[in-house]
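S.K.: Need the 3D shape of this:
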Amino acid sequence: MSRSRVPGEHRKGVKEKYFRERLASGGTIVADGAMGTMLFALGAPADEPPEKINLERPALLEDIARRYLEAGAEMLQTNTFGASPLKLRRAGLEDRMEEINRNAVAAARRVAGDRAYI
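M.R.: Numbering: from 1, shown residues only. Predicted coordinates for the structure are as follows:
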């Protein structure tokens, strides 16, 4: 049985265990790329933190994730690189950190389904 894609099992820990097996096998896992570059190329304002998109335009996050998935990515990262209280404080968004992070993960999960790791 080939395990080239993530199984549809959603019990807590199953994907994590499978991911560890994939890593241990020495095989290649193709991940997505430059989230910030894609955001700016698709119209995100350069004068705002990219994580603000998580609150205002989740469809844009989904579009980017979909593009990477269609290009062959097996792992989708979330738009959370700067979603820490320290960085978000600069934009007055530190109180929304949890919402920002949850929205980013939810957008990636909606696209990935059982076809990619998040």
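S.K.: distance between the longest helix anywhere in the chain and the chain's centre?
M.R.: Criterion DSSP state H: the longest helix present in the chain is helix 97-112. On the basis of CA atoms, centre = their mean, to the nearest Å, helix 97-112 sits 7 Å off its chain's mean C-alpha point.
S.K.: and what of stretch 92-111?
M.R.: Stretch 92-111 sits 10 Å away from the centroid of its parent chain (CA atoms, centre = their mean).
S.K.: Give me the contact list for that stretch.
M.R.: Here stretch 92-111 makes contact (CB atoms under 8 Å, 6 or more residues apart in numbering) with 49, 51-52, 54-55, 58, 61-62, 65-66, 69, 76-80, 83-86, 88, 118. Using the backbone N, CA and C atoms, a C-beta is placed for each residue, glycine as well.
S.K.: Now it: buried residues?
M.R.: Within stretch 92-111, the residues scored as buried using 16 or more other CB atoms under 10 Å are Leu93, Arg96, Met97, Ile100, Asn101, Asn103, Ala104, Val105, Ala107, Ala108, Val111.
S.K.: do stretch 61-70 as well
M.R.: In stretch 61-70, counting by 16+ other CB under 10 Å, buried: Leu61, Glu62, Ile64, Ala65, Tyr68, Leu69.
S.K.: how close does the third one sit to Ala91?
M.R.: Distance of Ile64 to Ala91, computed by CB to CB, to the nearest Å: 20 Å.
S.K.: same check, this time on the fifth one
M.R.: Counting by CB to CB, the gap between Tyr68 and Ala91 amounts to 26 Å.
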